[in-house]
Structures are given as C-alpha cells and as structure tokens.
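>>> Give the three-dimensional model of this entry:
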Amino acid sequence: MIIFLEIVVFILAVLVIASVVLQSSKSSGLSGSIAGGAEVLFGGKRKGIDDILAKATKLIAVLFAIAVILLERSINH
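So this is what the prediction gives:
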C-alpha cells in the first residue's frame, strides 16, 4: 500500500509541476506591455487553455494533498 501511494504522490507531483509550468504568466512585464495590445485587439488564444489548466491544477493539487495525507497516515500506523 505504501509503495502504491508513493507512486501516486510522485505522479501527482509531476502533474502539478507540469500544469503550473504550462500556464501562461499572469504578470505582463515588459513583453506583456509590448505585445499585450495585440492580444486585446485580436483576442487571446490561450485564454481557454489557461482556464482548463487552472482548474486542472486545483484538482490535481487537492488530490496530491489527499494522497500525501494518506501516505503519512499509512507510514505512521
């Protein structure tokens, strides 16, 4: 059981990292102020993808927390 939970925690950790890295930055910075006007005029293509990634990140983070708590309880008992 412990090995299974360790594998699940590892996979969920990789998924959380990947979903965060794939999201576009919320801070515009210098490049956002230069290219940001074009996104407003022509529409941001990544808006839908970012919404999906944000929801997926929240779900995966909750599953990760649950898996870590279960792993901790199974190790201590």
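>>> Tell me, please, the helix or strand in the protein that averages the lowest pLDDT.
None of the helices or strands of the chain scores lower by mean pLDDT, DSSP states H and E than helix 29-42, at a mean of 53.
>>> Could you check the helix or strand following that helix and say which residues are buried?
Downstream of helix 29-42, the next assigned helix or strand under DSSP states H and E is helix 47-76. Within helix 47-76, the residues that count as buried by 16 or more other C-beta atoms under 10 Å are 53, 56-57, 60, 63-64, 67, 71. (Glycine included, C-beta is placed from N, CA and C.)
>>> Just the closest of those residues to Ser25, please.
Using C-beta to C-beta, the shortest approach to Ser25 within the buried residues of helix 47-76 belongs to Leu53, at 12.4 Å.
>>> Need the pLDDT of Thr24.
To be clear, residue 24 is Ser; Thr isn't right here. For Ser24, the pLDDT comes out at 83.
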